[in-house]
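> Sequence and predicted structure below; questions after.
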Amino acid sequence: MIRILHQIFRTGIVTEKLPETQEEQVTIVGASLGEEVMKRFRRSITIRFVDAGSCNACELELQAVNNPVYDSERFGIHFTASPRFADMLLVTGPVSRNMEIALKRTYNAMPTPKFVVGLGDCAFNGGIFGESYASLGGISSVVPVDAYIHGCPPSPAAILNGILKAIRSERK
């Protein structure tokens, strides 16, 4: 164990920094997001993520939002495995026919007020998958949506901005 700790101290921090323009953009969006989360949720927002049948490109960018470079937790964003504790539902991909019931159950299990965000172009209109025998298209055909984050895949800064847009929406 001591040998591992010495190795960690010798290696130091190996995380790369963001370019200054991206860092500035994330900081500005994050500050607005942090203020809005404090105002509406009194500390943090809890998000339940559902992959409704995507190609996983949006999931990679969503994981980047959680990594130490972007660090979404500093803005009060937490992810949960249970929809019963979630304030927001974040959905990627077109809704495959096999995920329709699971997505509806997840949405119905969430307490009100509930916010729904579609992540990526596939969540908006089905993207390259469209509507077919296996796909229902965008998520709005299954659950009501507050905001969409466009892009294939959207950048981490765009994801944070989309979450902010959904929180500011007044649908509920």
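Noted; the coordinates are in hand. Numbering: from 1, shown residues only.
> Now do the helices in the protein.
Counting by DSSP state H, one finds helices in the chain at the ranges 2-11, 20-41, 57-66, 100-109, 121-125, 156-168.
> so how far is the last one from its chain's centroid?
Which is helix 156-168. For helix 156-168, the gap between its own C-alpha mean and the chain's C-alpha mean amounts to 8 Å (CA atoms, centre = their mean, to the nearest Å).
> before we move on, what about the longest one?
Mean-position distance between helix 20-41 and its chain equals 15 Å (CA atoms, centre = their mean).
> Packing partners of that helix?
helix 156-168 (3 or more CB pairs under 8 Å, 6 or more residues apart in numbering; DSSP states H and E). Any C-beta I mention is one placed from the backbone N, CA and C, and that applies to glycine too.
> so the helix it packs on versus helix 20-41, what angle?
Orientation of helix 156-168 against helix 20-41 (axes from the mean of the first three to the mean of the last three CA atoms, to 10 degrees) gives an angle of 20 degrees.
> what comes into contact with helix 156-168?
22, 25-26, 29-30, 32-33, 36-37, 40, 45, 47, 61-62, 64-65, 70, 72, 75, 77, 88, 90, 115-117, 119, 146-151, 154 (CB atoms under 8 Å, 6 or more residues apart in numbering).
> from the helices of the chain, which stretch is densest packed?
Most buried of the helices of the chain, by mean neighbour count (mean count of other CB atoms under 10 Å): helix 121-125, with a mean of 23.
> Now it - C-alpha only, PDB.
Taking Å, rounded to 0.1, in the frame of the first residue of the first chain, the C-alpha atoms of helix 121-125 are listed here in PDB:
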ATOM      1  CA  ASP A 121     -29.900  14.700 -32.200                       C
ATOM      2  CA  CYS A 122     -31.200  11.200 -31.900                       C
ATOM      3  CA  ALA A 123     -33.200  12.100 -28.800                       C
ATOM      4  CA  PHE A 124     -34.700  15.000 -30.800                       C
ATOM      5  CA  ASN A 125     -35.900  13.300 -34.000                       C
END
